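K.L.:
Okay, predicted coordinates and the sequence, questions at the end:
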Amino acid sequence: MRACLLHTPAPIDMRPLQLSEVPTPEPAGDELLVRVRACGVCRTDLHVVEGELAAHRSPIIPGHQIVGTVAAQGARVKDFKLGQRVGIAWLHHTDGSCRFCLSDRENLCEQAEFTGWTVDGGYAEFALASAAFAYPIPEGFDDLQAAPLLCAGIIGYRSLRLTGLAEGSRGWAGARLGIYGFGAAGHVVIQLARARGAEVYVCTRDEQKHQALAAELGAAWVGGTLEDPPVKLDASIIFAPAGELVPSALKALDKGAVLVLGGIHMSPIPQFEYSLLYGERIVRSVANNTRTDGREFLAEAARIPLQTHVQTFPLAEANEALLALKQDAIRGAAVLLVD
Ligand SMILES: [Zn+2]
Ligand SMILES: [Zn+2]
């Protein structure tokens, strides 16, 4: 099969991914072999390729937002049929036995495997999935539209949950949500939040692409990353990997509000005055997702229905897709089309 291999992490402008011929993998007893049709491009892929996330294998095939069809399956797989359309996301496997798995927090599993980081991912014609971690894809989404749902969407969904809105009196109706950085996750989260009844305030770079898309998707207000929204916010999510946004985002929060950091990697957070946190404000991160997050999100996405905006690249141009992502040149989500 053709696959994009990363041998050694390097800055993306050196184009470190090499399109190569490699043997098609064979599924173990509990695995699916998936013929990849589309694979979303995530900022985490950029962190893997550039080495901000420590390398686990060399070479590695990145990519963890895979939509494809079941081409073969192991003898113990019961829930899928050959030819069925499935999605493969970031959480590849968990041990099911550590203290986190045993307390409904498999996203924090001590022995977790991650697609496109610790095991090969979807920048390729075929990929393996643990059947228990694969998702059926709702029919209303075509392959390209569905791909960004599998990380940008699922992590965005979990980030929204961790804002604590909708608990007790902090309901969604009329809630004021801030989004910092408006890429693939932001453009999904604004649709979820608005469908639940929230007002969304977006702080992001790039007037032409990100700010314009936020306005088009119904943001109540759109400004630059360090601008102050005109009202105090009930919760915010930072998707940009920029620690310098944390004090600015805290300043915009109302008392008792939660700031969620949605990325796997962030530049250092500068020092700030305790008064920005005082008033029972909370800062927390999001780490991975559970399968329950994935299933609940895909069901809600189909009900709304969400509309993803995608910019497609052929598999051979994976380096260019990641470079465009780094340069803020993607409107919505980048997706590799594998044919
Ligand atoms: Zn575990
Ligand atoms: Zn991702």
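P.N.:
In hand now; what should we look at? Keep in mind it's a predicted model, so treat the numbers as computed, not measured. Numbering: from 1, shown residues only. Ligands and ions are numbered 1, 2, ... in the order given.

K.L.:
How about Pro136, nearest residue that isn't a chain neighbour?
P.N.:
Of all residues beyond its chain neighbours, the one nearest Pro136 is Val86 (6.3 Å), with distances taken as CB to CB, 6 or more residues apart in numbering. Where you see a C-beta, it was placed from the backbone N, CA and C, and this is true even at glycine.

K.L.:
what helix or strand does that neighbour sit in?
P.N.:
Under DSSP states H and E, the secondary-structure element containing Val86 is strand 85-88.

K.L.:
which residues are contacting that strand?
P.N.:
Strand 85-88 is touched from outside by 32, 34, 64-70, 80, 115, 121-122, 127, 129, 133-137, 143, 146, 149-150, 298, with contacts defined as CB atoms under 8 Å, 6 or more residues apart in numbering.

K.L.:
Can you say which of the residues you listed are buried?
P.N.:
Judged by neighbour count, with 16 or more other CB atoms under 10 Å as the criterion, the buried members of these are 32, 34, 64-70, 80, 115, 121-122, 127, 129, 133-135, 137, 143, 146, 149-150, 298.

K.L.:
Keep only those of those residues that are in helices.
P.N.:
Mapping those onto helices (DSSP state H) picks out 143, 146, 298.

K.L.:
any idea how far the second one lies from ligand 1?
P.N.:
In this structure, Ala146 and ligand 1 are 28 Å apart, going by CB to the ion, to the nearest Å.

K.L.:
For that residue, give me its contacts.
P.N.:
Here Ala146 is in contact with 38, 67, 87, 137-138, 308 (criterion: CB under 8 Å, 6+ apart).

K.L.:
Switch the ones in helices among the buried ones among the contacts of strand 85-88 over to CSV; also include pLDDT and distance to ligand 2.
P.N.:
CSV is the format used below for these (pLDDT from 0 to 100; distance: CB to the ion, whole Å):
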residue, pLDDT, distance to ligand 2
Asp143, 98, 17
Ala146, 98, 14
Leu298, 98, 15
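
K.L.:
Would you pull up the residue in the stretch 151-300 of the chain closest to ligand 2?
P.N.:
Sorted by distance to ligand 2 under CB to the ion, the residues of the stretch 151-300 of the chain start with Cys151, at 3.1 Å.

K.L.:
Quick check: pLDDT value at the residue in the stretch 1-150 of the chain that ligand 2 sits nearest to.
P.N.:
Using CB to the ion, the closest approach of the stretch 1-150 of the chain to ligand 2 is made by Cys42 at 3.1 Å. Residue-level confidence at Cys42 comes out at 97, pLDDT.
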